[in-house]
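Q: need coordinates for the below:
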Amino acid sequence: MNDFLKKVKAGEKPVGMFIEMGSMTAAECIGRTGIDYIIIDNEHGTYEGESTLDAVRGADLGGVSPFVRVREISRAAIMKPLDVGARGLIIPFAERVEEIKNIVKWAKYSPVGMRGFCPSRKDGWGCDYPSQEPMYKGMEYWNEETLVIPQCETAGCLSHIEEIASMDGVDGIFIGPFDLSIGMGIGGQFDNPEFKSALERIKKACHDAGKFVIIFTMDPDAAPAYFAEGFDSVVVGLDIIHYINVCRDAVKRAKA
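A: Reported below is the predicted structural model:
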């Protein structure tokens, strides 16, 4: 089973981080910190196919689970990160049920979806399996091992969240609070009762469907409260912001 999913099912508190620095070395180093998973950001980051592969390889070397936030909802954008070894996909701006059906179709093998079958880095280019093992065994394994996680960041997604969370092939939901609050017309008002009610609705929809829910925050100190409220995982900011803050603090201390 996927390491992230094992931790969620065991009641652990997996912590993730977006990686924007575009470096295999950065991904490997983050793996030495105790972080549970990184999200390689193809949406807002500078990653292309080869650099995504490098970051996934760096994560593997560092012993941390590599997730990828895809750049768009398209077959190629979804299949390629999976083929290079991503353990989970965050799908931004997923609003409509029909879009989610396509995402599942492209990301999951038959009988759940229609993912194209090809030996790739994820399975040692086909060399990791015994030659006599039936093909369907490999497809079953990867359907369980790779997670499909739509991002709830719009009013449209929120309005369909119960149906989306319960769909076969959707493994969990990622909450983007900044864009969600903007989409609700209350940008940045995270203490607004309407926004808090939306978070509760998403969390309930996921847990009622037996799925996990992840939430993002820029403040690591906010994570314990989110866990106490029942969120299954928290993503604590961006690697590049932490890097700037640590370097800024080092300069400040050096000049004190």
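Q: point to the residue nearest the middle of this protein.
A: The chain has residue 90 as the residue nearest its centroid, 4.0 Å off, counting by C-alpha atoms, centre = their mean.
Q: list the contacts of the closest residue to it other than its chain neighbours.
A: Distances taken as C-beta to C-beta, 6 or more residues apart in numbering put residue 69 closest to residue 90, at 4.0 Å, once the chain neighbours are dropped. Every residue, glycine included, has its C-beta placed from N, CA and C. For residue 69, the contacting residues are 18, 39, 40, 41, 42, 43, 44, 89, 90, 91, 92, 151, by C-beta atoms under 8 Å, 6 or more residues apart in numbering.
Q: so how far is the worst-scoring helix or strand of the chain on mean pLDDT from its chain's centroid?
A: Using mean pLDDT, DSSP states H and E, the weakest-scoring helix or strand in the chain turns out to be helix 135-145, at a mean of 88. Here helix 135-145 is found 20 Å from its chain centre; the criterion is C-alpha atoms, centre = their mean, to the nearest Å.
Q: what residues sit buried inside it?
A: By neighbour count with 16 or more other C-beta atoms under 10 Å, helix 135-145 contains the buried residues 138, 139, 142, 143.
Q: what's the following helix or strand after it?
A: Remark: after helix 135-145, the chain's next helix or strand is strand 147-152, criterion DSSP states H and E.
Q: which outside residues touch that following strand?
A: By C-beta under 8 Å, 6+ apart, strand 147-152 touches 2, 4-5, 67, 69, 87-94, 100, 103-104, 107-108, 157-158, 161, 164, 169-176, 180, 202, 214.
Q: swap the cut-off to 6 Å and go again
A: Contact partners of strand 147-152, identified using C-beta atoms under 6 Å, 6 or more residues apart in numbering, comprise 88-92, 94, 100, 107, 169-176, 202.
Q: swap in stretch 11-22?
A: Here stretch 11-22 has contacts from 4, 7, 27, 35-41, 45-46, 51, 227, 233-236, 238-240, using C-beta under 6 Å, 6+ apart.
Q: what mean pLDDT does it have?
A: Averaged over stretch 11-22, pLDDT sits at 95.
Q: please report how far residue 83 lies from residue 121.
A: Residue 83 sits 7 Å away from residue 121, taking C-beta to C-beta, to the nearest Å as the criterion.
Q: the more surrounded of these two?
A: residue 83 (17 against 13; other C-beta atoms under 10 Å).
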